[in-house]
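# Kindly generate the corresponding structure for this input.
(one chain, ligands or ions: 1)
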Amino acid sequence: MKKPIIGITCYVEIKDERQRQNETYIQAVRKAGGVPVLLPAVESEDVIQAHAHLIDGLLVSGGPDMDPQYFGEQPVPELGPVNPVMDAYEDRLIRLLLERDKPILGICRGEQVLNVVAGGTLFQDLRRSVPTVLKHGQDVPRWFPSHKVRLLPGSKLATLFGVEELAVNSFHHQAVAQVAPGFVASAYAPDGVIEAIESQNHRFVLGVQWHPECMWNQAKNYDQLFNAFIRAAQEG
Ligand code: MN
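Numbers count the residues shown, from 1 in each chain. Now for the predicted structure:
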């Protein structure tokens, strides 16, 4: 069976005129049986359409904050740097993939962008919006699980992990606020922060707030997410 082509969005450094991506995303896709391909953020509509046509699945990576104007808000002081090039490209590409029902895995920023593109909103800063928030910016190594999440019973995520609770790593100061129409929140941190979303109207469109690409080879079971994503891309 042909290995599925998995597009991975890039981190765009506008000032340095450079696009790059972490080895961990590339290797997690490769180990799960996909062919990782880095997709540079471009403006031209016909190239974005060609990207959507080329890939069997899309991994939307972590990165900077999304411009809150995409969900109808003005920036609060705690908002981090935004990246108009990544925002515009990912917005368009995700829309095309959703229309075609091609698998999407959003990670951290990728989960947040997916939620916004599908019509949801974000907390621009958790400490500002959720007074009882836990620590979601860990100082321990990237692969180390620093807080728990509870998985929604019956969700895709709960089914593929086969557990009700998972320990995850955490590197975010934003999170999903209003879940996009047609999606459900499939994982919550103990402070109520949404840690995963999934579409009910697509074969495999799912986002997680944590970084599974830093954990997949560290603990039993953590590679299940990448395996399921690649499987869905292969069946498309
Ligand atoms: Mn977290």
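# from here on, contacts and neighbour counts on C-alpha atoms
OK.
# Surely residue 183 and residue 199 touch.
Yes. The criterion here is C-alpha atoms under 8 Å, and residue 183 meets it with residue 199 at 4.2 Å.
# more crowded one of these two?
residue 199 (23 against 19; other C-alpha atoms under 10 Å).
# my guess is the more buried one meets residue 186, correct?
No. The criterion here is C-alpha under 8 Å, and residue 199 misses it with residue 186 at 9.8 Å.
# And the helices in the protein?
23-31, 45-54, 84-100, 109-117, 126-129, 156-161, 224-235 (DSSP state H).
# Can you point out the buried residues in the first one?
Of all the residues in helix 23-31, those buried under the rule 16 or more other C-alpha atoms under 10 Å are 25, 26, 27, 28, 29, 30, 31.
# What of the shortest one?
Under the neighbour-count criterion of 16+ other C-alpha under 10 Å, helix 126-129 has 126, 127 buried.
# likewise stretch 124-140?
Buried residues in stretch 124-140, counting neighbours by 16+ other C-alpha under 10 Å, are found at 124, 125, 126, 127, 135, 136.
# tell me, which of those make contact with the ion?
residue 136 (C-alpha under 5 Å from the ion).
# What is the most widely separated pair among the buried residues of stretch 124-140?
Farthest apart among the buried residues of stretch 124-140 by C-alpha to C-alpha are 124 and 135. That separation is 15.7 Å.
# Return the residues of this protein in contact with the ion.
Contact residues, the chain versus the ion (C-alpha under 5 Å from the ion): 136, 170.
# which residue ranges form the strands in the chain?
For the chain, the strands defined by DSSP state E occupy 5-9, 11-13, 18-20, 35-39, 57-60, 104-107, 122-123, 147-151, 165-168, 175-176, 183-188, 194-199, 205-208.
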